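Participant: I would like to see how this sequence folds:
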Amino acid sequence: MQVKHFHTQACPTETFLSKSPGPCKEAQARLLNDERPRGQRHRIIVNIIHSSSDYLPKVLRFLNVAFDSSGDCLIAGDHQGNIYVFDLYGNRFNLVQRTAQACTALAFNLRRKSEFLVALADYSIKCFDSVTKELVSWMRGHESSVFSISVHASGRYAITTSSDTAQLWDLDTFQRKRKLNILQSVGIQKVFFLPLSNTILSCFKDNSIFAWECDTLSCKYQLPAPPESSSVLYKVFAVTRDGRILAAGGKSNHLHLWCLEAKQLFRIIQMPTKVRAIRHLEFLPDSFDAGSNQVLGVLSQDGIMRFVNIQTCKLLFEIGSLDEGISSSVISPHGRYIASIMENGSLNIYSVQALTQEINKPPPPLVKVIEDLPKSKLNSGGLKMKVTSGRVQRPAKSRENKIQARILKQDLTGNFENKENEVSDGLNKKRLQILLKGYGEYPTKYRMFIWRSLLQLPENHTAFSSLVDKGVHVAFLNLQKKYPIKSRKLLRVLQRTLSALAHWSAIFSDTPYLPLLAFPFVKLFQNNQLICFEVVATLIINWCQHWFEYFPNPPINILSMIENVLAFHDRELLQHFIDHDITSQLYAWPLLETVFSEVLTREEWLKLFDNIFSNHPSFLLMTVVAYNTCSRAPLLNCSLRDDFEYFFHHRNNLDISVVIREVYHLMDTTPTDIHPNGKLDAFVALTKGQYPVFNQYPKFIVDYQTQERERIRNDELDFLRERQMVEDMQAEVDQQRVEDEAWYQKQELLRKAEETRREMLLQEEEKMVQQRQRLASVKRELRAKEMHLQDATRRRFLKLQQDQHEMELRRLNDEIERKVHMRDQEIATTAKDLEMRHLELESQKRLYEKNLIRNQEAVAKEMREDADTYRRKVDLEEHMFHKLIEAGQTQNQKTQKLIEENLAEAEQACLNADWRIQALHKQRCDDLQRNACYQEVAKLLRENRRKETEVLNAMVGEGAKKWEEAKEKDFHLKSEKKASALSDASRKWFLEKELDDALEHAEHPYNTVSLNRRRVQWDTMEQDLMERVRNLRQRLTAQARNRCRTPHLLAT
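Facilitator: Predicted structure coming up:
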């Protein structure tokens, strides 16, 4: 990027090209010669026309412009997305960004001075760095075009506004904090920050205006609706720098002025009839109005921006014309420049000083200086004035009521004294002194302007910003504790001013009276901190000379000067001070360190400093002497030290005009050898650009105090760290103690619970012993009964054995149920499951028998039907066939009787063996298997399942065998049918075969016997299973008995 300078002269036309790294296009900025009259031409600093350098050049229209916080730089964007930075102080411009799309809003007053915000046509907001030309952040969230960007006074937050929403952004993280959503029918006109406050003002299309707190976003207040007689649909808004007055306008020539403190409409201004609609409003800042701006710029529909005074309602000046209308306009923060985008797309920069030259022109001097003309010009025509003795004759007034006077220029070859009397901005110090002596004070309206001219303040914005950016100095962090000020704003301004002074020179961080010295100026310039700082700095450099040579003690040399002057002019008063041990540190130093702010009212103090700033720095010391001499009567009546202290720290009944006249008398009558004028240097203004170095103090003392303060601070930090460690350790100890106490309490509870459980166990053991005793007696009785029953069963018949067995089972079941119920419910559940399984087996057995009977009946029916058929066919052999059948039946009965007898004998033998085995098992296995109770139950269950499986397999196998036998019988039946069809010749052989078949048929009843045998086997298995259950119950009983006996053995 090649950067070219542009000049502010409006003489010859010069063209400067700013080449970008792009491939082919160049940006051109031309300064054109203004053809308007001379008076209007000097108002415009520069006119910028942006055109392309193609074969057919075209003008690129500027759309938006914005100033930075210093007011010396501005950025401008055109409709192609080119962003330029114009340095008005450095007289240069630079292309910093190409966004390739039109920008809709700009902001250049962020915390980081080189960064700026630009809203683009794609509804996004981008942050660029004007130095590195890099993209810093890209913020999205709007769904329509952003037409306004408002930045907080601190530069940390920004509000972007579109027609449907407003969004609050944190510029440190570039994250959205809040979003204001509204109804689509309402619409947003503008949302912006109030200057120097944390208040957000939101204005809507229905004329409703709300104020919100920035930190909490809570609604502070709402402005009432404007009166119906002058109802205006608000479109544009403007606020003064102090945030007290809001100006609103729209499609009307009426302006509404709202007082935000009183929250009411206090004035309606009617613009000229040419104005039909207001397009833009902007207050013109002034360095001396304390933020309460009085001049308002009103841009109307005709492209002319008129500046009016809202107090006097007078039109002051205007810019733009019908031929060259203004599209939009922005005023720099310090009020020096006005940047206007014209309707033809060019950019005009106006000088406010030139526009307000006629307004701010000082009143004509009351005293005219008449000098003799050279002899060669004595006879030439000129203004003749008659001078009479005693007073100055004023020239006669013309019809326009203007003073016809000629201000004669000073000789350019004058000496240094005349140059010293010349101050900036065209004011003459001698004339101001003459005006001051005539009126006693400066006009209130022009006092700040005159002070600024007398002190020749450089207004170094950059240097002051660098001091402010260093933050609050450590020495003034707790300023509110020592100086409790009700106004928080005033306290912050005082804190910033003192911190800036401390950063400027190290001695001011240790100066105890610096807040007293600076407070009246801070209170006077609280809305312009730069002017406040420079006024205090100028006061210290000039009127506080040699104050810090005896630091940290009061300036003994200065107090000695005052004492010498007082001794010369009023020796009696000084002797009175000496007699009562009153030194200059009591009657002079309190006045100096507070610059008379404690003993004078505001008007008196301003009047005094009009004279102090207009004279030599020794005037302040003479004022101390004059204050004492003018108060000699009450001082001579004082005899106590407390009275003197009260007198010099409180306001007294004293005319300040008399004191000022006495000061001038002392300045004129004091001898040269004791006059402070010879020992103090003349006035020296602050340098432009950077502030001078202030080192008029004993550096070793300040360095030593700084080192001591740093050492004390480090010791305090170490102490705080150690105290924090001790507190942490104490907290850990307390926590450990609490935990230990909780642990001990828990252990105590556990011990008590353990003792309670032990007592319960002892009681349960006693109960168990008693139960065991009762069970033992019951068992003995049961055993006796069992022996008796065993003896009785031997003598009973076979049919009664089953009944005796059931009675024994019932007795055993009752005994086992009582024992299991008292000890373990789980064993009872297992027994019940076994019984249920037994019932299931019984039901299965009965079902199986029922099926077998049903099948036998079906087979028998078929056989009877076949037999009937066979008898009908073979009637001849019926007698022989019946004999064969009877013979077969007789054989079957004999076989069945034999099998039943064998089965009865085998069953009796099994029962006898079972009873013998049971008795022997009860005697031997009672003590051996008490520890395997649950294992036996599980084993028994597995055995039962295995046997059930075997039974099922046996049933399946038996069924298969039955089906095979049925098939064999079916095959045999078929063979019989085939045999019946043989010829009659073989009937004899058939009869013999039938006899063989009959013999073979005699074996078929064996199958029925086999079914009965299986039935007996099922009963035997059932009995065996019940026998195992009895054995298991006996083992459980024995095991329980042994467990009950074990505590007795341990106890013995």
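Participant: in three-state terms, label Ile341 for me.
Facilitator: Three-state call for Ile341 (DSSP: H, G, I helix; E, B strand; the rest coil): strand.
Participant: so how far is Gln101 from it?
Facilitator: Distance of Ile341 to Gln101, given as CB to CB, to the nearest Å: 18 Å. From N, CA and C alone the C-beta is placed, and that goes for glycine too.
Participant: of the two, which one has the most company?
Facilitator: Here Ile341 and Gln101 are compared on neighbour count by other CB atoms under 10 Å; more neighbours surround Ile341, at 22 against 14.
Participant: pretty sure the more buried one sits against Gly77.
Facilitator: No - here Ile341 does not reach Gly77: they are 10.1 Å apart, not a contact under CB atoms under 8 Å.
Participant: what is in contact with these two at once?
Facilitator: Phe62, Leu63, Asn64, Val65 (CB atoms under 8 Å, 6 or more residues apart in numbering).
Participant: ok, for the one residue sitting closest to the centre of the chain, nearest residue in space, not its chain neighbours?
Facilitator: Using CA atoms, centre = their mean, the residue of the chain that lies closest to the mean C-alpha position is Lys177, 8.3 Å off. Among residues not flanking Lys177 along the chain, Leu168 sits closest, at 4.7 Å (CB to CB, 6 or more residues apart in numbering).
Participant: residues contacting the one you found?
Facilitator: Tyr157, Ala158, Ile159, Arg176, Lys177, Arg178, Lys179, Leu180, Ile200, Leu217.
Participant: hang on, it in a strand?
Facilitator: Yes - assessed with three-state DSSP, Leu168 lies in a strand.
Participant: from His152, how far off is it?
Facilitator: Leu168 is 10 Å from His152, by CB to CB.
Participant: list residues touching both of those two?
Facilitator: Common neighbours of Leu168 and His152, using CB under 8 Å, 6+ apart, are Ala158.
Participant: what's the biggest helix by length in the chain packed up against?
Facilitator: Scanning the chain for the longest helix, with DSSP state H as the assignment, gives helix 699-794. Counting contacts by 3 or more CB pairs under 8 Å, 6 or more residues apart in numbering; DSSP states H and E, helix 699-794 is packed against helix 798-823, helix 878-924, helix 1005-1051.
Participant: can we see that at 6 Å?
Facilitator: Judged by 3 or more CB pairs under 6 Å, 6 or more residues apart in numbering; DSSP states H and E, helix 699-794 is in contact with helix 1005-1051.
Participant: quick one: average pLDDT of the helix it packs on?
Facilitator: What helix 1005-1051 shows for mean pLDDT is 62.
Participant: state the distance from Asn309 to Asp286.
Facilitator: Using CB to CB, Asn309 is found at 11 Å from Asp286.
Participant: repeat for His254
Facilitator: For His254, the distance to Asp286 (CB to CB) stands at 25 Å.
Participant: and those two? Which one has more around it.
Facilitator: Asp286 (21 against 17).
Participant: got the contact list for that one?
Facilitator: The neighbourhood of Asp286, defined by CB atoms under 6 Å, 6 or more residues apart in numbering, consists of Gly335.
Participant: that one and Val352, how far apart?
Facilitator: 9 Å.
Participant: grab the nearest non-local neighbour of Leu516.
Facilitator: Thr594 (4.7 Å).
Participant: any idea how far Ile531 is from that neighbour?
Facilitator: From Thr594 to Ile531 the distance is 21 Å (CB to CB).
Participant: can you check Leu257 too?
Facilitator: Distance, Leu257 to Ile531, by CB to CB: 26 Å.
Participant: what is the longest strand along the chain packed up against?
Facilitator: When the chain is parsed with DSSP state E, its longest strand is strand 44-52. Judged by 3+ CB pairs under 6 Å, 6+ apart, strand 44-52 is in contact with strand 27-31, strand 347-351.
Participant: next, the angle strand 347-351 makes with the helix or strand just after it.
Facilitator: Following strand 44-52 in sequence order, the next helix or strand is strand 62-67 (DSSP states H and E). Strand 62-67 runs at 30 degrees relative to strand 347-351, counting by axes from the mean of the first three to the mean of the last three CA atoms, to 10 degrees.
Participant: what's the angle from strand 62-67 to strand 44-52?
Facilitator: 140 degrees.
Participant: Val493: neighbouring residues, count only.
Facilitator: So Val493, with other CB under 10 Å, has 23 neighbours.
Participant: what's the closest non-adjacent residue to it?
Facilitator: Gln526 (4.7 Å).
Participant: pretty sure the one you found sits in a helix.
Facilitator: No - counting by three-state DSSP, one finds Gln526 to be coil, located in no helix.
Participant: what about it, distance to Thr497?
Facilitator: 9 Å.
Participant: those two: which has the busier surroundings?
Facilitator: Neighbours of Gln526 and Thr497, each counted by other CB under 10 Å, are more numerous for Thr497; the result is 28 against 20.
Participant: which residues does the more buried one contact?
Facilitator: Residues in contact with Thr497, defined by CB under 6 Å, 6+ apart, are Ala518, Val522, Cys532, Phe533.
Participant: what strand or helix carries Lys113?
Facilitator: Using DSSP H and E, Lys113 sits in no helix or strand.
Participant: and it, how many neighbours?
Facilitator: If you count neighbours by other CB under 10 Å, Lys113 ends up with 18.
Participant: next one: phi and psi at it?
Facilitator: Dihedral pair for Lys113: phi -60, psi -30, per degrees, to the nearest 10.
Participant: over to Asn82?
Facilitator: phi -80, psi 130.
Participant: try Val298
Facilitator: Backbone dihedrals for Val298, given as degrees, to the nearest 10, come out at phi -120, psi 110.
Participant: likewise for Gln264?
Facilitator: Torsion angles, degrees, to the nearest 10, at Gln264: phi -150, psi 160.
Participant: sorry, back to before: can you redo the shared contacts of Ile341 and Gly77 as TSV with neighbour count, distance to Ala502 and pLDDT?
Facilitator: As requested, the shared contacts of Ile341 and Gly77 are exported to TSV (neighbours: other CB atoms under 10 Å; distance: CB to CB, whole Å; pLDDT from 0 to 100):
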residue	neighbour count	distance to Ala502	pLDDT
Phe62	26	44	90
Leu63	20	45	91
Asn64	23	40	92
Val65	21	38	93
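Participant: tell me which two of those residues sit farthest apart.
Facilitator: Spatial extent of these (CB to CB) is set by the pair Leu63 and Val65 at 8.5 Å.
Participant: just the strands in the stretch 301-450 of the chain please.
Facilitator: 305-309, 314-319, 326-331, 337-342, 347-351 (DSSP state E, counting those that start in this stretch).
Participant: thanks again, I'm all set now.
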